[in-house]
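In: when you get a sec, could you give me coordinates for this:
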Amino acid sequence: MSNTKQMLPLSRRNFVLGSSAVIGLIACDRKPLMDPALIERAKALIAERPSFDLHAHPGKTFIRGAKHLAPAIKAFTLGGANEKRAVEDMNAGGMNTAVFCAVSDFQVLDFVGEGLDAKRDFNAGEVHASYVTQIGFLTKMFADGIAKKVTSPADILKIKQEGGVGAMLGVEGGDFLEGSAERVAEAHADGVRCINPLHYRSNELGDIMTESPVHNGLTDAGAAVIRAMNANGVIIDIAHAGESTAFGVLETSDRPVICSHTHIRTESFDFPRFISLDLAKEIAASGGVIGAWPAGIGISDLDGFTDRVFELIDAVGADHVGIGTDMDANYKPVWDNYRQFPDVVAKMLERGLSDDEAAKIIGGNGMRVFESVSA
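Out: From the prediction side, this is the model:
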């Protein structure tokens with residue numbers, strides 16, 4: 001056995017980080033403040049290019065009118081929803097558009113340790129009634145002039161030109177479909193343009209990633225739903241799907257898919273919500289996008305989140321990385337306010353991304369998927 005130290009493969013990330021480490025030693029461990037010119041460059045980029053948060057819950061709309069909640073979940077709703085405040089933050093930070101998600105299984109969830117789990121079955125009619133309530137409150141934002149409705153890629157570009165904040169309606173968890181592919185068209189008619197088939201409950205469509213498999217993959221009903229999402233121009237988001245189910249989605253879909261808020265599982269960061277490198281590469285091969293997730297799992301600040309962005313770039317390429325903040329419903333977020341958006345972009349530029357590469361990650365790649373799905 002050789003005692004020669006194993007050399008790390010040279011990547012943009014460890015080259016840039018290595019250079020930064022030398023600078024840090026010269027600076028005697030004092031962390032320099034970010035160059036104001038970088039912040040201005042980031043703001044100029046944000047002002048010029050569309051940005052698209054692939055997964056969020058701005059203002060916690062999903063808690064409005066929620067019934068029969070577990071005590072710990074009910075405590076989470078204290079303080080209420082505030083979409084207006086969230087949109088003001090988006091405007092201040094320059095975030096163009098986000099997927100504003102309803103949560104299909106919210107009423108049946110409870111905390112288990114530091115995670116979430118479905119702790120009871122739905123009551124008769126409960127899941128569809130909850131969907132109708134949540135979509136109703138999300139849609140009310142448009143009538144109230146809080147946000148502008150996004151149903152096509154052209155809407156995002158128009159809002160970028162005219163100003164304001166765009167909201168694409170999404171649903172986290174396909175439970176509300178109750179196994180019916182026909183309901184996808186109904187959701188599309190409601191304005192929904194993105195659906196996660198799974199959340200924290202293995203349902204009629206397939207298995208979740210945080211529990212033992214029930215179906216061992218995508219079900220026949222799940223495959224029918226995926227085909228219906230393709231036919232209706234609805235983005236498929238496989239975040240939360242178990243590995244076999246996720247591969248089944250990729251095999252069934254004839255359009256690219258996203259995994260909106262996750263990271264790649266490694267020996268150092270083996271967390272149930274992370275995906276395998278093989279799955280990440282298949283998502284990229286489909287033309288899809290993986291959203292960097294600013295959850296405080298193995299990271300504690302925006303520098304750690306920037307590390308995650310570059311790790312994804314090294315794994316699948318800059319054309320297949322986006323941002324999914326999970327805003328206002330994230331786990332120990334290191335990015336918890338849209339007003340930080342210029343700082344996030346500036347850190348990417350500081351690490352060596354070009355303006356064009358950063359523009360892809362903050363919105364361009366997600367727009368490409370949206371255009372492909374909508375075609």
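
In: can you map out the helices along this structure?
Out: Assigned by DSSP state H, the chain shows helices spanning 12-26, 36-48, 71-76, 83-93, 126-143, 153-162, 182-189, 220-232, 243-252, 277-285, 302-316, 341-350, 355-359, 365-374.

In: residue 213 is nearest to which of those helices?
Out: Proximity to residue 213, assessed across the helices of the chain by Cβ to Cβ, is greatest for helix 243-252 (6.7 Å). Just so you know, the C-beta spots here come from the backbone N, C-alpha and C atoms, and that holds for glycine as well.

In: which positions within the closest one qualify as buried?
Out: For helix 243-252, a neighbour-count test (16 or more other Cβ atoms under 10 Å) marks 243, 244, 245, 246, 247, 248, 249, 250, 252 as buried.

In: show me what that helix is packed against.
Out: helix 220-232, helix 277-285 (3 or more Cβ pairs under 8 Å, 6 or more residues apart in numbering; DSSP states H and E).

In: ok, now with 10 Å
Out: Judged by 3 or more Cβ pairs under 10 Å, 6 or more residues apart in numbering; DSSP states H and E, helix 243-252 is in contact with helix 220-232, strand 235-236, helix 277-285.

In: next one: it to chain centre, how far?
Out: Helix 243-252 sits 18 Å away from the centroid of its parent chain (Cα atoms, centre = their mean, to the nearest Å).

In: so what angle separates the directions of it and helix 220-232?
Out: Relative orientation of helix 243-252 and helix 220-232, computed by axes from the mean of the first three to the mean of the last three Cα atoms, to 10 degrees: 40 degrees.

In: hmm, back to that, what's the closest of the helices of the chain to residue 116?
Out: helix 71-76 (8.6 Å).

In: what residues does the closest one touch?
Out: 60, 63, 66, 68-70, 106-112, 116, 119, 329 (Cβ atoms under 10 Å, 6 or more residues apart in numbering).

In: taking these one by one, which sit in strands?
Out: Among these, the residues falling in strands (DSSP state E) are 109, 110, 111, 112, 116.

In: so who does residue 249 touch?
Out: Residue 249 sits next to 197-198, 205-206, 217-218, 222-223, 225-226, 229, 236-238, 241, 257, 259, 283, 286 when contact means Cβ under 10 Å, 6+ apart.

In: oh, that last question was meant for residue 50, not what I typed.
Out: Contacts for residue 50 (Cβ under 10 Å, 6+ apart) come out as 96-97, 153, 156-157, 159-161, 166, 359, 362-364, 366-367.

In: likewise for residue 132?
Out: Going by Cβ under 10 Å, 6+ apart, residue 132 touches 65, 102, 176, 190.

In: sort out which of the residues you listed are buried, if you could.
Out: Listed as buried from the contacts of residue 132 are 102, 176, 190; burial here means 16+ other Cβ under 10 Å.

In: just name the closest of those to residue 275, please.
Out: Checking the buried ones among the contacts of residue 132 against residue 275 with Cβ to Cβ, the nearest one is residue 102 at 23.2 Å.

In: what about the residue nearest to the closest one when sequence neighbours are not counted, distance to residue 47?
Out: Excluding the flanking residues, the one nearest residue 102 by Cβ to Cβ, 6 or more residues apart in numbering is residue 134, at 3.7 Å. According to Cβ to Cβ, to the nearest Å, residue 134 stands 32 Å off from residue 47.

In: so those two - more neighbours on which side?
Out: For residue 134 versus residue 47, neighbours defined as other Cβ atoms under 10 Å are more numerous around residue 134 (25 against 12).

In: so what pLDDT did that one get?
Out: pLDDT recorded at residue 134 is 98.

In: pretty sure it is touching residue 103, no?
Out: Yes: with contact defined as Cβ atoms under 10 Å, residue 134 counts as touching residue 103 (7.2 Å).

In: and residue 187, what does it touch?
Out: Contact analysis of residue 187 by Cβ under 10 Å, 6+ apart lists 102, 131, 135, 169-171, 174, 176-177, 193-195, 228-229, 232, 234.

In: thanks a lot, see you next time.
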